[in-house]
Each structure stands twice: as C-alpha cells, then as structure tokens.
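K.L.:
okay, sequence plus prediction incoming.
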Amino acid sequence: MLKILNEERERILKMHINATKRNYLFEAEGTEPEADVSMSQQFTKTHHEVLPNLKNQFFFEKGKTDVNSITNKNEFDEFVKGIINYLKSKNKKIMGFGTVASESLIPAAKGVDRWGYAKKRLSNIRDYIKSELEKNNLIDDSNFTGFSGRYEEGKIPYEGNPDDPKYLQDQWVKVNFQLPK
C-alpha cells in the first residue's frame, strides 16, 4: 500500500506540471527491470540518460534510520561519489531528485506512526545527499523542482517474528535524479 501525504501529493503534482511545461519531463525508455536484474542492480534513469552503473537502493539495519546504519553503506558512498563525479564530468547540475522508502509489514507499536521509520530513513538520505550536492555546487537553483518522496509497504507478509532477518529486505530507500535534457 502506498501512502502519500496531501501536501506531498500537491507538491509532486506541481513539480510534475512545471517540469512538463519546461520540457524537462519525458517518458524514460527502458525503465522496467529486466527479469534477471534485481531492483538494487538497475541503473538510475534520467530522461533518456543513464547515470553511471550505480546501485540506487539502500537497506537499513532493523529499527535504524541514520545513514550510518545502511547495511550496504559502501554502495551508498559509491553512489553519492559517483553521482557527484558524473555531474562534474558532464558539467551538469541536479534539478531535483526523488526518493521512495519501503516499510516492512512488521506491525508498528501502539501509538507509533506506521510510516515512522520509512519517513526518517527517506529524510536522512535526502538530507545527506542534498548536503553533498550543495557542498559541490551541483544543484540547479534556477530550475530546481525540489525533492519528492513517497512510501511503500513491503512485500514480505508478517508471520509473527519481528526479528526475522527476512523483513530487512523491505526496509530500504531508493534514489533517482532529475537532470536537464
């Protein structure tokens, strides 16, 4: 189940409309994964342009949300450095980027926000990447469309043991960038 707050929905729609008007938004070709390629091995797609072959899906330790608790932290560090190096080499800047966070189906404790971990993970990754891009002057302020985010429910049915490591597969954040054509 996908849940987007109304404010986020309105912001995404506005961003989409603005990007379409400016001809920045196109239907990307070949965005569906090949059958034998896992989601974490897909290229990051941007308007008919493929960024370096970097994994863009990052998993978290159980109950953790900070960037240092990413279980594939080396891939995350490579991703951030790769994006920065790519943008510098092509003399491009980011117009915006989107994040998707997945939450496992482990029931939330009573009184706890169902999407709390996903929101915090998404926010922490977004803030970290934004900070790195700003340090390197790689955000196109004149055409900036913003940062979008959404949440998804995990796919693995909950079977009563919240400590089962299989649920970690559903605790991730993906990142995709928007570049000018």
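P.N.:
Here it is on my side, so go on.
K.L.:
hey, let's count contacts and neighbours off CA atoms from now on
P.N.:
Noted.
K.L.:
just the strands in the protein please.
P.N.:
2-3, 45-46, 49-50, 57-59, 96-103, 146-153, 172-178 (DSSP state E).
K.L.:
want to throw these into a markdown table with mean neighbour count and mean pLDDT?
P.N.:
Output for the strands of the chain, formatted as a markdown table (neighbours: other CA atoms under 10 Å; pLDDT from 0 to 100):
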| stretch | mean neighbour count | mean pLDDT |
| --- | --- | --- |
| strand 2-3 | 10 | 60 |
| strand 45-46 | 20 | 48 |
| strand 49-50 | 12 | 50 |
| strand 57-59 | 24 | 94 |
| strand 96-103 | 22 | 89 |
| strand 146-153 | 19 | 88 |
| strand 172-178 | 21 | 86 |
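K.L.:
do you know which of the ones you listed lies nearest E78?
P.N.:
strand 57-59 (11.5 Å; CA to CA).
K.L.:
phi, psi for the residue of the chain most remote from its centre please.
P.N.:
Within the chain, the residue lying farthest from the chain centre (CA atoms, centre = their mean) is G160, at 28.7 Å. Backbone torsions of G160, given as degrees, to the nearest 10, read phi 100, psi -10.
K.L.:
quick one: least confident helix or strand in the chain?
P.N.:
Within the chain, no helix or strand scores below strand 45-46, which has a mean of 48 by mean pLDDT, DSSP states H and E.
K.L.:
wait, W172 sits on E61?
P.N.:
No. With contact defined as CA atoms under 8 Å, W172 does not reach E61; the gap is 9.5 Å.
K.L.:
look through the chain and tell me its longest helix.
P.N.:
Counting residues, the longest helix found in the chain (DSSP state H) is helix 116-135.
K.L.:
pLDDT on it, on average?
P.N.:
The average pLDDT for helix 116-135 rounds to 93.
K.L.:
state the distance from D77 to S142.
P.N.:
27 Å (CA to CA, to the nearest Å).
K.L.:
higher neighbour count, those two?
P.N.:
D77 (11 against 7; other CA atoms under 10 Å).
K.L.:
okay, the more buried one: pLDDT?
P.N.:
D77 is given a pLDDT of 94.
K.L.:
returning to what we had before: tell me the helices and strands packed up against the longest helix of the chain.
P.N.:
In terms of contacts (3 or more CA pairs under 8 Å, 6 or more residues apart in numbering; DSSP states H and E), helix 116-135 is packed against helix 73-90, strand 96-103, strand 146-153, strand 172-178.
K.L.:
picking that back up, any shared contact partners between W172 and E61?
P.N.:
By CA atoms under 8 Å, 6 or more residues apart in numbering, W172 and E61 have no common neighbours.
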